[in-house]
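**Student:** With the input below, show me the fold.
(chains A and B)
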2 protein chains.
Amino acid sequence: MTKFLIATTALVGALAGTAQAETIGVSIPAATHGWAGALNYHAERTIERLEEVYPNHDFVLATTPDSATQVSDLEDMVATRGIDALVVLPFESEPLTGPIQRIAQSGTWVTVVDRGLAVEGIETLYVAGDNASFGRTAGEYFAETLDEGAKVVAMRGIPSTVDNERVAGFEAAIEGSGIEMLAMDHGNWNRDTAFTLMQDWLSRFPEIDAVWAADDDMAVGALAAIEQAGRSGEMFVVGGAGMKEMVDRIRNGDEAVPVNVTYPPAMISTAIEMTVLGVTSAAPMSGEFIITSELITPENAESFYFEDSPY
Amino acid sequence: MTKFLIATTALVGALAGTAQAETIGVSIPAATHGWAGALNYHAERTIERLEEVYPNHDFVLATTPDSATQVSDLEDMVATRGIDALVVLPFESEPLTGPIQRIAQSGTWVTVVDRGLAVEGIETLYVAGDNASFGRTAGEYFAETLDEGAKVVAMRGIPSTVDNERVAGFEAAIEGSGIEMLAMDHGNWNRDTAFTLMQDWLSRFPEIDAVWAADDDMAVGALAAIEQAGRSGEMFVVGGAGMKEMVDRIRNGDEAVPVNVTYPPAMISTAIEMTVLGVTSAAPMSGEFIITSELITPENAESFYFEDSPY
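**Tutor:** Numbers count the residues shown, from 1 in each chain, chains lettered A, B, ... in the order given. From the prediction side, this is the model:
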């Protein structure tokens, strides 16, 4: 074994300190709650970390209530701040595609997060979640945990590619497990719709062993209906996205919410960290990074719980 | 525009300094020259950078001449160094799959680089090049640069999925451009085979405007045959991988080698950097990162030229 241990040096931040100063713009939807609220929390937290690790770099964070404001935010970042790199989660794909394309064509590094643009190949780096793995991870838990003949119901989101990919992943994972799917319907990623849907299923099916809700908002609605019907001990609910309330129940060993699946708002942190590597290190960081959905369990829940995050 | 500029603090390395100390093992094939030689150069350089940025972490680099040695290197890293994370470019897929799977199952972070394992889903993070984009990037340059009716030849590698993906990307990019493909044959990623193949084509075709060699070693062989035949002014050659000699010719404005396409040995740097983020920051770094092949031109060649690298 030819090996060597590179000595730990006392030159803290020496290389970081001599690195060229760059200004990195971050543009994301504004929100104080929900998934987008957590996006803001993680963006701020990551910028704070990076300001300490790389004090030469500057960061400009803009949060935006709509597409038109985001377009003018971007123009402002280029014109008055002279950003060298941009990390952007487009409010909507269509109206942002042209403005982001012009920024990329001017030679600025562009990282697009989560929501793709309407034209391919514009961005330097694309960072997004993995919808197939989101569904598969939940389905694998069902297949491993439930006995043959177990009865389940499933709530899907608003009809869309995202929803189709999630459901296809879930269905492939439970195939051959002998699990019986009593019903599957669209809860539209909505808490109230999910509540009503679950009420209907509870009245129709005397036995339900588990519920898959393809998003935590729907899981909250389903859990409320189950509690109201007084059937909490009968079934567990697996949602997804890593909502704080769900992670808290998991780490407290709540049997109604045994696990969850990530679709992490902290992907904005991934995008900012990778962009900084792209403009700081010699590592090639141009490409496409698809973040795996992970299973949150009582054992690892602590590392997915962010005390100060709104979600 | 709701924006704020987070003040640059003087707490250099404060967060980095308080981060938990982790030991990261890096296991790669040994080599003093060629693509694998550059892999070693970039791994060492990146570890040096990271030791300065994150002085709490330790790095163990092992370079290996064969699969059996790599297996014992890995056992040693786990047993005597207690690594928390492993970055590995498997010498071969089959014999390394079992040993790496056992390490992953024990809870160690595993990043696999370039060469996938024989079983899917073992690694925490997968980092690799993009063969389709490798071919497409070269093909797009041909389509943009050459006139309709231009005559080209193409050398492909050893028959394999890698080769098929590269060629499919190239062919799709030149489709409809009016470029005439005189001949395409396997140069087997070998300098001598490429030399002989090019000699044959030069004797058969009085007009050749450009050569695509799907790897720089073949490009070197093709260029030697063209020079020997005294036909250097007639055609250009586009290889791929970012060999130092090619990048040097590009930055010097050599018309025989106008551009190149990356398949960067520095992907080991990407893998090490992302692994360190995975064990250091709160950003989700588990997933699949496919690095785009970039076009090296006289304008950007400097950033792809590594003076001290052997390749």
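
**Student:** Name the nearest residue to A:E140, sequence neighbours excluded.
**Tutor:** Among residues not flanking A:E140 along the chain, A:A173 sits closest, at 4.7 Å (Cβ to Cβ, 6 or more residues apart in numbering or on different chains). In short, each C-beta sits where N, CA and C put it, glycine included.

**Student:** which stretches of the stretch 1-150 of chain A form helices?
**Tutor:** A:14-18, A:34-53, A:67-81, A:93-105, A:131-145 (DSSP state H, counting those that start in this stretch).

**Student:** Kindly present the ones you listed as CSV, with separate columns for mean pLDDT.
**Tutor:** Output for the helices of the stretch 1-150 of chain A, formatted as CSV (pLDDT from 0 to 100):
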stretch, mean pLDDT
helix A:14-18, 42
helix A:34-53, 95
helix A:67-81, 97
helix A:93-105, 96
helix A:131-145, 97
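
**Student:** how about the ones you listed, which one is nearest B:V279?
**Tutor:** Closest of the helices of the stretch 1-150 of chain A to B:V279 is helix A:34-53, at 14.0 Å (criterion: Cβ to Cβ).

**Student:** Can you get me a residue count around A:E92?
**Tutor:** Applying other Cβ atoms under 10 Å in any protein chain shown, we find 13 other residues in the vicinity of A:E92.

**Student:** do the one 5 residues further on as well
**Tutor:** Close neighbours of A:T97, defined as other Cβ under 10 Å, add up to 17.

**Student:** Against chain B, how distant is the spatially closest residue to A:E92 that is not a sequence neighbour?
**Tutor:** Once flanking residues are discounted, A:E92 sits nearest to A:S67: 4.9 Å by Cβ to Cβ, 6+ apart. Going from A:S67 to chain B by Cβ to the nearest Cβ, to the nearest Å gives 14 Å.

**Student:** mind checking how far A:S67 is from B:E288?
**Tutor:** Applying Cβ to Cβ, to the nearest Å, the value for A:S67 to B:E288 is 30 Å.

**Student:** With A:M218 instead?
**Tutor:** Distance, A:M218 to B:E288, using Cβ to Cβ: 27 Å.

**Student:** residues contacting A:W212?
**Tutor:** Taking Cβ atoms under 8 Å, 6 or more residues apart in numbering or on different chains as the criterion, A:W212 is in contact with A:138-139, A:142, A:152-155, A:170, A:238.

**Student:** Show me which of those residues is closest to chain B.
**Tutor:** Closest approach to chain B among the contacts of A:W212 (Cβ to the nearest Cβ): A:G139, at 13.9 Å.

**Student:** Run a quick neighbour tally on that closest one.
**Tutor:** For A:G139, using other Cβ under 10 Å, the count is 26.

**Student:** Then A:E75?
**Tutor:** So A:E75, with other Cβ under 10 Å, has 14 neighbours.

**Student:** Equivalent analysis for A:E307, please.
**Tutor:** Neighbours of A:E307 using other Cβ under 10 Å come to 5.

**Student:** what residues are up against A:G149?
**Tutor:** A:178-180.

**Student:** again, only using 10 Å
**Tutor:** A:178-180, A:209 (Cβ atoms under 10 Å, 6 or more residues apart in numbering or on different chains).

**Student:** same deal with A:A172?
**Tutor:** Neighbours of A:A172 in contact, by Cβ under 10 Å, 6+ apart: A:132, A:135-136, A:139-140.

**Student:** List phi and psi for the residue most central in space within chain A.
**Tutor:** Centroid-nearest residue in chain A: A:P264, 2.6 Å away (criterion: Cα atoms, centre = their mean). The phi and psi values for A:P264, taken as degrees, to the nearest 10, are phi -70, psi 130.

**Student:** What residues does the stretch 51-200 of chain A have near chain B?
**Tutor:** Within the stretch 51-200 of chain A, the positions lying close to chain B (Cβ under 10 Å from any Cβ of the partner chain) are A:51-65, A:69-70, A:72-77, A:80-81, A:107, A:121, A:123-130, A:133, A:136.
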